[in-house]
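Visitor: Give me the fold of what follows.
(one chain, ligands or ions: 1)
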Amino acid sequence: MLAGTAADQVELSNLQRQILFNEQDIGRNKAVVIGERLRLLNTKVSLDIYQEFLSTNNADIIANYDVILDASDNYQTRFLLNHVCRSLAKPLISASIFQFEGQLSVFNYNQGPCYQCLYPAPPPDSLSPNCSLSGVLGVLPGVAGCLQAVEAIKIILGHDDILSGTLLSMNLLTMQFKHFDIIKQDCSLHPIINVEAKTNQCQSSFSDIAEITPVELAQELAANPEALQLLDVREPFERSICHIGGLHIPLSTFTDELVQCSLHQDKPVVVYCKSGVRSAKICQHLKNSGFKHVSNLSGGIIQWIKTVDNNLTFY
Ligand SMILES: [Zn+2]
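Guide: Numbers count the residues shown, from 1 in each chain. Predicted coordinates:
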């Protein structure tokens, strides 16, 4: 089973770590491209490709499969997968990565510990980095994925030494591989993590932030570039790839002092980032700080490139 989404497309910035894609795949659906790669490897392999996010509405598809490998990068999917795999008694081969480090374990295997025995609840959103923001050594996902494949083969072959009840922690910088015991809890007592409600909550907390489309912004800038203050909150490496001008205060070094020195509270502010998520957080913060006219560039600079100026470098 390959799960993806209609909006989940290959980006240039994926290529250094997501090894099944190449430059010709940029802009194409990830699940479809992965299917093509695996068929090139073996024309007899049977694949079911789902071009949609895993959610409570479609998670029953997990019942069709014997072993589940989690290759996602977000807590919503991990907790949902764990909940469904535990309910269906399916082994879940989980891996996660961060910068130079990775973790690997097999959950729900023969009544062994589940993911929530190790992590009872997701961390706050502000402490939830993902690969594109925190960075990851390019080869690390491939290493972690190969180790997941090893566990899958062992489970299929009925091997005894499955990485169940044990967390493998690896640091590719020091090349230290360590094992930690995972204590089995009473899984029936785990709280149900309603991650979709949590996601909706996050979205609704930004619901009163005004949005401006790239086309509208381009028209306003063309009419009077001095009428608004443009703020780029992406990191310096992103700014060096492409930008549409404006003041640059990266989210990682964002302080109220910097804002007070640089922006006027009474003049309209338009904030942008890559996709519009980080900029929405800053919009909310500016609004709470007394800025009267704050707008978020919807879809970020990616949408700007698609609808206004495709000469900028896409990443
Ligand atoms: Zn558990």
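
Visitor: how about low-confidence regions in the stretch 101-250 of the chain?
Guide: Scanning the stretch 101-250 of the chain with the threshold set as pLDDT under 70 gives 123-134, 194-207.

Visitor: And the strands in it?
Guide: 101-107, 166-171, 176-181, 210-212, 229-232, 247-248 (DSSP state E, counting those that start in this stretch).

Visitor: Quick one: name the residues of the stretch 101-250 of the chain near the ion.
Guide: The stretch 101-250 of the chain has residues 114, 116-117, 185, 187 near the ion, with proximity defined as CB under 5 Å from the ion. All C-beta atoms are positioned from the backbone trio N, CA, C, and that covers glycine.

Visitor: ok, of the residues you listed, which come out buried?
Guide: 114, 116-117, 187 (16 or more other CB atoms under 10 Å).

Visitor: picking up where we left off before, hey, which of the strands of the stretch 101-250 of the chain is tucked in deepest?
Guide: Among the strands of the stretch 101-250 of the chain, ranked by average contacts under mean count of other CB atoms under 10 Å, first place goes to strand 101-107 (a mean of 23).

Visitor: helices and strands around that strand, which ones?
Guide: Judged by 3 or more CB pairs under 8 Å, 6 or more residues apart in numbering; DSSP states H and E, strand 101-107 is in contact with helix 75-88, strand 92-98, helix 115-118, helix 140-157, strand 166-171.

Visitor: And the ones you listed: which comes nearest C261?
Guide: Nearest to C261 among the helices and strands packed on strand 101-107 is strand 92-98 (33.3 Å), distances taken as CB to CB.

Visitor: and stretch 9-20, how far from the chain's centre?
Guide: Distance, stretch centre to chain centre, for stretch 9-20: 13 Å (CA atoms, centre = their mean, to the nearest Å).

Visitor: brain fart, stretch 243-255
Guide: In terms of CA atoms, centre = their mean, the centre of stretch 243-255 is found 21 Å from the chain centre.

Visitor: which of the residues in that stretch are buried?
Guide: With burial defined by 16+ other CB under 10 Å, the residues of stretch 243-255 counted as buried are 243-244, 246, 248-250.

Visitor: cool, and stretch 220-234?
Guide: Neighbour-count burial for stretch 220-234, counted by 16+ other CB under 10 Å, picks out 220-221, 228-234.
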